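Engineer: Predicted model, plus sequence, below.
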Protein chains: 2
Amino acid sequence: MILLDGKKVSTEIITNVKKELENINEKIKFAIIWIGEDEGSRIYINNKIKKCAEVGIEGLLYHLDENVSEDEVINLVNELNAKKEIKGIIIQSPVPKHINYLKCCNLIDYKKDIDGFSNISVGNLCLGNPYHISCTPEGIIKLLEYYHIPIAGQNVCIINRSNIVGKPLFHLLIDRDATVVMCHSKTKNLKEITKEADILISAVGKPKFITEDMVKENAVVIDVGISRVDGHVTGDVDFPNVSKKVSYITPVPGGVGPMTVAMIFENILKSVKEDHNG
Amino acid sequence: MILLDGKKVSTEIITNVKKELENINEKIKFAIIWIGEDEGSRIYINNKIKKCAEVGIEGLLYHLDENVSEDEVINLVNELNAKKEIKGIIIQSPVPKHINYLKCCNLIDYKKDIDGFSNISVGNLCLGNPYHISCTPEGIIKLLEYYHIPIAGQNVCIINRSNIVGKPLFHLLIDRDATVVMCHSKTKNLKEITKEADILISAVGKPKFITEDMVKENAVVIDVGISRVDGHVTGDVDFPNVSKKVSYITPVPGGVGPMTVAMIFENILKSVKEDHNG
C-alpha cells in the first residue's frame, strides 16, 4: 500500500508557483469577498491570506456586512473584475440567505474565477475546454497523475454529486477516458457498485462510511471526506482496515486537503501568466 | 413490452406549442445559420423551416459562403442577438474547419440558445439551474416522464460522452436522483456494466451494437443511434431480440428522433414566454 502524500505534493506545487511568480516579478493581488461573520470562514480565510503572503501574493479581504444588498456585492464583483492587478476573485461560501451565491459567482470574469464555480467556467469544463477548474477535483487529478496512477479505461466510482466536487471531477475523469459512475444518497446498491471500482472517490462526510467490504482488492481510494471526531479530523474511510487491502490511498488529513489549497495558487498563477503573455 | 412512441408524444407536444403560440399572437422568428454546402444539413434545415411554418414560427435561413470569416459569423450572431423578434438562434453543424464552432455558439445569447450548446447553457445545466437544454437529452427525459418511467434511484447506463447527448443527459439524470454510469469506446467491461442497468441509453451509431445478452431482464432501453442500412434507418439495438426481454423500448425511427425535433419548438416557446412575461 502506498500513501498518496498530498502534503508533500502540494508543497512541491506551491514552491514551484512561488518560483514562477518571482520570475514574473509583478505585483499580484487576490481578492476574497466575505459576507457576514461565519466563524469557520474566518479561519479558512485567514489561512488563505497567510499562504498568499508566503508565495508573494497580496491577499485582499473584502469583508461585507451580513446585511449588505445583493446589488452591492454585484457592484464589488464588477469593480474587482475591472482592476488589472487583481488576478483572482473568490466569494467565500456560505453567504447569507438573501444573497444568490450562484448569481454572484457567475458575474466573476472567468479568467479571475479561481474557484471555477461560475456557469462559464463549469460550461467550459463540461465542453472539454476548461480554463479554471474547481480546486478539489483538480487537486485529486494532479495527485493521481503525480503518482502515475492510470486513469484511462479504469472504472471510477465517485460518491458525491455536488457542483464543487462530484460534477467537475466526473468531467475531468471522462475527458481522461475513465468509465465513471456517480453515486449519492439515493443510490440503491452502493456496495455492489463501489466493489467494482478500480478508483473509489468518496466525499460524503461520514466517518467510517467506506468499509473494507465495499472496496475492491488493490483499488485506489481517494478520501475527500472531512469530519471531526473527538477533536480530530477524519475522512470517510475506515482507514486501518481499508488501507490493508488497497494499492494506493489518501490519508486524512494530509491527502486531498492540501492539494485543494495548492490548486488555488496554481489557478492564480495561470491567470497571471495568461495576462503576462496575452 | 411497451413501445415508447416518440412520434405520438412529439406530435402532442408540437400541437400544444402551436396552440400556445396562437394565444400569444406575436410574430416569432427563428434563425438558422448555415455555413457551406453540406448536403445532409440542407435536408435537415429544410425540414426545420417547414416544421417552423406549421407551428406559426418564421424560420429564417442565413446561408453563408463556406469561405466566410469567423468574424463575419460572430458579427451575424451579435446582430441576431440584438433583434427582439428573433427568439432563437442555432448554428447548423458541421461548420467549415476554419470556423471555431464552440466559440461561435458561446456568443449566442443564452436565452436564444435553443440548442443549449453554449458554455453558459451547459454550465447552467451542470449547476442544476438549466435554461435551454440540448434537445436530444431533453427529449429523452420528456419521453421517460410521459410514460411515467421512474428515474430516481434507478441505475442508468449511458453509452455516449458527447457534449450534445451524453453529458447533458448525465446531468439531467443525476438531478433526477438516478445513479448514472457513463460508458464509451474506452470502457473495458461494457457488457458487465450494461447488464446492471435499469435504464440503458445507447448513442453509438452502430447497428446491432446492443445485443440481447447485454440487457437486463425488464430493462428500459432508449436507442439514440442512427445508422443507414440498405437505405433504411436503424438504431444501435438489435430490436427483434432485445425487445422480447425489456419492459419499454424506443423504436428507430419514431422514438428519440421526433422528440428531439419537438424540443426545438418547446425551447422556442420557452424563449417567447420568457420575453412575453418578463
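Structural biologist: Everything's here; your move.

Engineer: Hmm, A:G225 and A:F209 touching each other?
Structural biologist: Yes. Shown here, A:F209 and A:G225 form a contact pair, counting by CB atoms under 8 Å, at 6.9 Å. Any C-beta I mention is one placed from the backbone N, CA and C, and that applies to glycine too.

Engineer: which neighbours do the two share?
Structural biologist: Common neighbours of A:F209 and A:G225, counting by CB atoms under 8 Å, 6 or more residues apart in numbering or on different chains, are A:S202, A:D236, A:V237.

Engineer: For the residue nearest to the spatial centre of chain A, give me its contacts.
Structural biologist: Nearest to the mean C-alpha position of chain A, by CA atoms, centre = their mean, lies A:T136 at 1.9 Å. Residues counted as contacts of A:T136 (CB under 8 Å, 6+ apart) are A:I164, A:V165, A:L169, A:A203, A:V224, A:V256, A:M259, A:T260, A:M263.

Engineer: again with A:Y62
Structural biologist: A:A31, A:I32, A:I33, A:W34, A:L76, A:L80.

Engineer: change it to 6 Å
Structural biologist: Neighbouring residues of A:Y62 by CB atoms under 6 Å, 6 or more residues apart in numbering or on different chains: A:I33.

Engineer: Dump the helix or strand that A:V181 is a member of to CSV, restricted to CA.
Structural biologist: Per DSSP states H and E: A:V181 is located in strand A:179-183. Only the C-alpha atoms of strand A:179-183 are listed here, as CSV (Å, rounded to 0.1, in the frame of the first residue of the first chain):
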residue,chain,number,x,y,z
THR,A,179,-15.6,4.9,-17.2
VAL,A,180,-17.3,6.8,-14.4
VAL,A,181,-20.3,6.1,-12.2
MET,A,182,-21.7,8.7,-9.9
CYS,A,183,-23.3,7.6,-6.7
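
Engineer: That strand: what's the following helix or strand?
Structural biologist: helix A:190-194.

Engineer: how's chain A carved up into domains?
Structural biologist: A:25-111, A:135-257 (automatic domain parsing).

Engineer: so how far is B:E217 from A:K195?
Structural biologist: Counting by CB to CB, to the nearest Å, the separation of A:K195 from B:E217 is 22 Å.

Engineer: who's more crowded, these two?
Structural biologist: Neighbours of A:K195 and B:E217, each counted by other CB atoms under 10 Å in any protein chain shown, are more numerous for A:K195; the result is 16 against 8.

Engineer: Give me the secondary structure label for the nearest residue to that one once chain neighbours are set aside.
Structural biologist: Of all residues not flanking A:K195 in the chain, A:K216 sits nearest, at 5.5 Å (CB to CB, 6 or more residues apart in numbering or on different chains). Look at A:K216: counting by DSSP: H, G, I helix; E, B strand; the rest coil, its state is coil.

Engineer: Let me have the domains of chain A in JSON lines, extended by mean pLDDT.
Structural biologist: Shown next, in JSON lines, are the domains of chain A (pLDDT from 0 to 100):
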{"stretch": "domain A:25-111", "mean pLDDT": "95"}
{"stretch": "domain A:135-257", "mean pLDDT": "98"}
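
Engineer: got a list of what A:R176 touches?
Structural biologist: A:I151.

Engineer: what's across from A:L200 in the sheet?
Structural biologist: A:C157, A:V221 (DSSP bridges).

Engineer: can you count the residues close to A:I43?
Structural biologist: Per other CB under 10 Å, the neighbour tally for A:I43 reads 10.

Engineer: if I look at it, how far off is chain B?
Structural biologist: 27 Å (CB to the nearest CB, to the nearest Å).

Engineer: now swap in A:V272 and tell me
Structural biologist: Counting by CB to the nearest CB, the gap from A:V272 to chain B is 23 Å.

Engineer: So that residue belongs to a helix, correct?
Structural biologist: Yes. With three-state DSSP as the criterion, A:V272 is part of a helix.

Engineer: neighbours around the nearest residue to it once chain neighbours are set aside, how many?
Structural biologist: Closest residue to A:V272 apart from its sequence neighbours, by CB to CB, 6+ apart: A:K87 at 5.2 Å. The tally of other residues near A:K87 (other CB under 10 Å) stands at 26.

Engineer: residues in contact with A:K87?
Structural biologist: A:I28, A:I268, A:S271, A:V272.

Engineer: how many neighbours does the last one have?
Structural biologist: Summarising burial for A:V272: neighbours were counted as other CB under 10 Å, giving 20.

Engineer: how about the residues of the stretch 51-200 of chain A near chain B?
Structural biologist: Contacts of the stretch 51-200 of chain A with chain B, taken as CB under 6 Å from any CB of the partner chain, map to A:119-120, A:122-124, A:126-127, A:153, A:161, A:163, A:167, A:174, A:177, A:179-183, A:186-188.

Engineer: PyMOL command for the buried members of the residues you listed?
Structural biologist: Restricted to buried positions by 16 or more other CB atoms under 10 Å in any protein chain shown, the PyMOL selection for these reads:
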select buried, chain A and resi 119+120+122+123+124+126+127+161+163+167+174+177+179+180+181+182+183+187
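
Engineer: Just the helices from chain A, written as ranges.
Structural biologist: Taking DSSP state H to define them, one finds helices in chain A at A:6-24, A:39-55, A:70-82, A:101-106, A:119-126, A:135-146, A:166-175, A:190-194, A:239-242, A:256-277.

Engineer: So which of the ones you listed has the densest surroundings on average?
Structural biologist: Using mean count of other CB atoms under 10 Å in any protein chain shown, the stretch among these with the greatest mean number of neighbours is helix A:119-126 (a mean of 26).

Engineer: List of residues touching it?
Structural biologist: Contacts with helix A:119-126, where a contact means CB under 6 Å, 6+ apart, come from A:106, A:110, A:113, A:130-133, A:168, A:171, B:119-120, B:122-124, B:126-127, B:167.

Engineer: related to what we said a few turns ago, would you mind measuring from the residue nearest to A:K195 to A:R176?
Structural biologist: 20 Å.

Engineer: next one: A:I28
Structural biologist: A:I28 is 30 Å from A:R176, by CB to CB.

Engineer: still on that earlier bit, tell me which two of the contacts of A:K87 sit farthest apart.
Structural biologist: A:I28 and A:S271 (8.9 Å; CB to CB).

Engineer: Just list the residues touching A:K103, thanks.
Structural biologist: For A:K103, no contacting residues are found, by CB under 6 Å, 6+ apart.

Engineer: repeat for A:K206
Structural biologist: A:K206 neighbours (CB under 6 Å, 6+ apart): none.

Engineer: phi, psi of it?
Structural biologist: Dihedral pair for A:K206: phi -130, psi 120, per degrees, to the nearest 10.

Engineer: A:K191 is in contact with A:M214, isn't it?
Structural biologist: Yes. Using CB atoms under 6 Å, A:K191 is in contact with A:M214, at 5.0 Å.

Engineer: returning to what we had before: make a ChimeraX selection of the buried ones in the shared contacts of A:F209 and A:G225.
Structural biologist: To isolate the buried members of the shared contacts of A:F209 and A:G225 in ChimeraX, using 16+ other CB under 10 Å:
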select /A:202,236,237
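
Engineer: Name the nearest of the shared contacts of A:F209 and A:G225 relative to chain B.
Structural biologist: Taking CB to the nearest CB as the measure, chain B lies nearest A:S202 of the shared contacts of A:F209 and A:G225, at 14.7 Å.
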